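Novice: Here is a sequence with its predicted model. Questions after.
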Amino acid sequence: MSGFAVVQSRALMALASPAVTVEVHLANGLPSFTLVGLAETEVKEARERVRCAIQNSGLDFPNNKRITVNLAPADLPKDSGRFDLAIALGVLAASGQIDTERLSDYVFAGELSLAGDLRSVRGALAMSLALRKLDTPPKLVLPLSSAREAALVDGAFVYGAEHLLDVVHAFAHSEAASNSALNGADSDFQKLKRVMPAPRAAAPLYPDMADVRGQMGPKRALEIAAAGGHSVLMVGTPGAGKSMLAQRFAGLLPPMDTAEALDCAAMLGLGGFAGGSSSDSNHVLQQ
């Protein structure tokens, strides 16, 4: 349909990452840019970020059109600038500058600067975990820093880009773009590349409980808690040895399996601690 495009993205609600469909419609009438779909203030501000990013990237922004962007489902709260990239691609697809059909196999997330640079988003690993649960997981396109985190999920097809133009070139109307389908194999079409997980570091070495002199009661309590999977609350005066024992408690616990490690790394990413690099998340995978 001319003047209409659909782009897939993902919201973030704690560790869940529900699907969000970005619908863009261009119509004749008084020029405007309307964004609907229970969007928070930072999402509504995407209108100006998207407009400037498209124009400063040398692309055509349809200033003479009435632009309506719907983030569906309408009853799902949306926050942050994670929908900027999907909205920008929707506007470009609806205006005929990129191939709408080729966007259907991908999920996009990323915040745009006014110059068109892509900035990292929180919860990249949570998005990748959510897509892995689908029967036919789509490919995930993220800012390069976030893509390194999302690629920690085994078998995930994650592509990273540093600028809006990197993504636009990969989905442009051209025979070269159509032939580089980015399925499975590594692709070097323009600068949109599949990101592979970083090599895992060696397992960390924890302080040994045998170094603790005395403290027989607390040590026995920690051993029982580790064996039974119980929680531990340490109470005592400063200098009683709480921190020393807690540092050694981790060495008593069995190593996490991959699913547990990914869940922990995803929680770390929600706070923005792993958003800039996969190193922290990769470290969690060694626990």
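Specialist: Cool, got the structure. Numbering: from 1, shown residues only.
Novice: domain ranges for the chain?
Specialist: Segmentation of the chain into domains, based on automatic domain parsing, reads 4-194, 209-252.
Novice: Pick the most deeply packed of the ones you listed.
Specialist: The highest average neighbour count among these, using mean count of other CB atoms under 10 Å, belongs to domain 4-194 at a mean of 19. Every residue, glycine included, has its C-beta placed from N, CA and C.
Novice: what's the first-to-last distance across that domain?
Specialist: For domain 4-194, the first and last residues are 28 Å from each other (CA to CA, to the nearest Å).
Novice: all helices for the protein, in order.
Specialist: Across the chain, reading from the start of the chain, the helices by DSSP state H fall at 41-44, 46-56, 84-94, 124-132, 144-150, 164-170, 175-179, 216-228, 242-249, 258-270, 279-284.
Novice: among those, which is nearest residue 34?
Specialist: helix 46-56 (8.4 Å; CB to CB).
Novice: Mind checking the pLDDT average for the closest one?
Specialist: Mean pLDDT, computed over helix 46-56, is 97.
Novice: residues in contact with that helix?
Specialist: Contact partners of helix 46-56, identified using CB atoms under 8 Å, 6 or more residues apart in numbering, comprise 33, 35, 60-61, 81, 83-84, 87-88, 91-92, 111-116, 164.
Novice: Stretch 94-109 too?
Specialist: Contact partners of stretch 94-109, identified using CB under 8 Å, 6+ apart, comprise 2-10, 24-26, 59-60, 62, 65, 82-83, 85-86, 89, 92-93, 121, 124, 127, 131, 138-142, 146, 167-168, 171-173, 177-178.
Novice: Can you tell me how far the nearest residue to residue 119 once chain neighbours are set aside is from residue 172?
Specialist: Spatially, and ignoring its direct neighbours in sequence, residue 119 is nearest to residue 111 (4.3 Å; CB to CB, 6 or more residues apart in numbering). Residue 111 sits 22 Å away from residue 172, taking CB to CB, to the nearest Å as the criterion.
Novice: For the residue nearest in space to the middle of the chain, list the residues it contacts.
Specialist: Nearest to the centroid of the C-alpha atoms of the chain, with distances taken as CA atoms, centre = their mean, sits residue 124, at 1.9 Å. When the contact criterion is CB under 8 Å, 6+ apart, the partners of residue 124 are 109, 142, 146-147, 149-150, 269, 275.
Novice: Got the confidence number for it?
Specialist: Here the pLDDT value assigned to residue 124 is 92.
Novice: try residue 259
Specialist: 75.
Novice: same question, the one 10 residues further on
Specialist: Residue 269 carries a pLDDT value of 70.
Novice: same thing with residue 193?
Specialist: Predicted confidence (pLDDT) at residue 193: the value is 85.
Novice: One more: residue 202?
Specialist: Reading off the per-residue confidence, residue 202 sits at a pLDDT of 66.
Novice: Check which helices and strands the longest strand seen in the chain sits against.
Specialist: Ranked by number of residues, the top strand in the chain under DSSP state E is strand 19-27. Strand 19-27 sits against strand 4-10, strand 66-72, helix 84-94, with contacts defined as 3 or more CB pairs under 8 Å, 6 or more residues apart in numbering; DSSP states H and E.
Novice: Now render the ones you listed as TSV, adding mean pLDDT and distance to residue 204.
Specialist: Converted to TSV, the helices and strands packed on strand 19-27 look like this (pLDDT from 0 to 100; distance: least, CB to CB, whole Å):
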stretch	mean pLDDT	distance to residue 204
strand 4-10	97	31
strand 66-72	97	41
helix 84-94	97	35
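Novice: will you turn these into a markdown table that also has distance to residue 260?
Specialist: Rendered in a markdown table, the data for those read as follows (distance: least, CB to CB, whole Å):
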| stretch | distance to residue 260 |
| --- | --- |
| strand 4-10 | 22 |
| strand 66-72 | 33 |
| helix 84-94 | 31 |
